[in-house]
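K.L.:
sequence? don't have it. structure:
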């Protein structure tokens, strides 16, 4: 049981202009952090040619993922205690510093360390954007604004490879990082000004240092396992299994510590809320399914259809449009009706409807059909990104909005990391098996180790290229088919969620009284 605190006031009622300034500021920061999840992928060849370090190249992405994910719950809790404004200033400053260090790095170790710093700041920006909205926007209108935020996040995540390729071609790879400096400063100035005098100082300044340490310590070995097990080491390698064991032990320790902490980083009492527990599980499973499209649709267009990175990026533009449309539509309808459940249900159903036919694509599948399925996938993604978070915010105590928002966001990111690692392993193993089966006349010497890039595939003789492209197409189909059971599980979880209909005072009409009491207990 934790100490009870009075609800925190958000300050005076705001004008629409003040709200819009705050939203624009936090959305700019969110845009930068979302882009930096995927923008680096198309720049990796240029980075290698400039600073070297091919053997450690994966860490340019992994370092960012590690620090951004592990720090998210900590940022959310600290913002509940010290206020959004000061935490947003600190987090954005760290992100800007990390971006500048990335842009001036002279060798791979410096770049990896700078990406870790950048990710540390980025871990706060998504959760803080949604928490700031919860602070400054009336409950009934939150869905509309958070729908826009979710749309920006989804579009930016999908657009990352396209933006990265364009910047690398135009002005060089360093500018995918350096561009964050002026844009980050703009976000910092606008948001800090807009939030001045709006959000009240938070409750107890007691910091749960042990809980914060355990959150990071329990998350890091799991992410290292996901990064290494499918590639450098096997899933059952002793070191890999050791990392899993460390994660389990530290997770148990985290639960025990947080149950007794005065100001827990991850309030265990939140898990008594059925909507929070189911919503967190749903977000993790949906995150796994969502990043399948983000990562592997562009791979299909490049490796199988032979498109350039920029053209492949254009091919997923309709998917981005689907994400944006669905996110904004869901937000508007939630604001109009106060109901959310239809959207996670519809989103999971659309993921099933999309992934099933994608599980049977081949090299000769028309591009227009894959693009059309991408649009449906985007609509499903837009319906799953944000409604659950908005609903959770409506049933937790005001003093726990930051922690609850960050926790759901954390589970979504964790699902994405698990999905990329698991499905990457499915792709590699299936591709290797198909190459072995088809390596006949004209296929001698073909193996997955020599075909690590699209350029290598394009350089093959026609007969060999047909073998490789066909194997890639079927291997990617296996990836999409693997996602179907997870999408079905997400659909089941969404159906089990209680509906919530928060009126202006922030309570939830349809959430059982027992759950509302738990939310108020904090």
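P.N.:
Received, thanks. Since the structure is predicted, the reported quantities are computational estimates derived from the model, not experimental observations.

K.L.:
what is the mean pLDDT for the top helix by length along the chain?
P.N.:
Ranked by residue count, the top helix of the chain under DSSP state H comes out as helix 401-438. The predicted model gives helix 401-438 an average pLDDT of 80.

K.L.:
with stretch 127-140 instead?
P.N.:
Here the mean pLDDT over stretch 127-140 is 75, rounded to a whole number.

K.L.:
which positions in that stretch come out as buried?
P.N.:
With burial defined by 16 or more other C-beta atoms under 10 Å, the residues of stretch 127-140 counted as buried are 127-137, 139-140. For glycine as for every other residue, the C-beta is placed from the backbone atoms N, C-alpha and C.

K.L.:
could you list every helix and strand in contact with the longest helix of the chain?
P.N.:
Helices and strands touching helix 401-438, as assessed by 3 or more C-beta pairs under 8 Å, 6 or more residues apart in numbering; DSSP states H and E, comprise helix 59-82, helix 108-136, helix 209-229, helix 274-299, helix 387-393, helix 462-496.

K.L.:
so which of these is the most surrounded?
P.N.:
Each of the helices and strands packed on helix 401-438 was assessed for mean neighbour count using mean count of other C-beta atoms under 10 Å. The highest is helix 387-393, with a mean of 28.

K.L.:
now what about it, what contacts it?
P.N.:
If you take C-beta atoms under 8 Å, 6 or more residues apart in numbering as the criterion, helix 387-393 is touched by 130, 134, 142-143, 146, 273, 275-276, 279, 282-283, 330-331, 334, 340-341, 343-344, 401, 404-405, 408-409, 497, 500.

K.L.:
so, low pLDDT: which residues of the stretch 151-300 of the chain?
P.N.:
Within the stretch 151-300 of the chain, the ranges that satisfy pLDDT under 70 run 158, 197-205, 227, 229-234.

K.L.:
hmm, back to that, among the helices and strands packed on helix 401-438, which comes closest to residue 95?
P.N.:
Residue 95 lies closest to helix 108-136 among the helices and strands packed on helix 401-438, at 3.0 Å (C-beta to C-beta).

K.L.:
the closest one vs helix 59-82, what angle?
P.N.:
30 degrees (axes from the mean of the first three to the mean of the last three C-alpha atoms, to 10 degrees).

K.L.:
picking up where we left off before, so which of the helices and strands packed on helix 401-438 is nearest residue 88?
P.N.:
Between residue 88 and the helices and strands packed on helix 401-438, the shortest separation by C-beta to C-beta is 5.3 Å, and it involves helix 108-136.

K.L.:
what angle separates that closest one from helix 401-438?
P.N.:
Our comparison of helix 108-136 with helix 401-438, counting by the same axes, to 10 degrees, yields an angle of 130 degrees.

K.L.:
after helix 108-136 comes which helix or strand?
P.N.:
Past helix 108-136, heading to the C-terminal end, the next element that is a helix or strand (DSSP states H and E) is helix 142-171.

K.L.:
in the chain, which residue is most central in space?
P.N.:
In the chain, the C-alpha nearest the mean C-alpha coordinate belongs to residue 413, at 4.3 Å (C-alpha atoms, centre = their mean).
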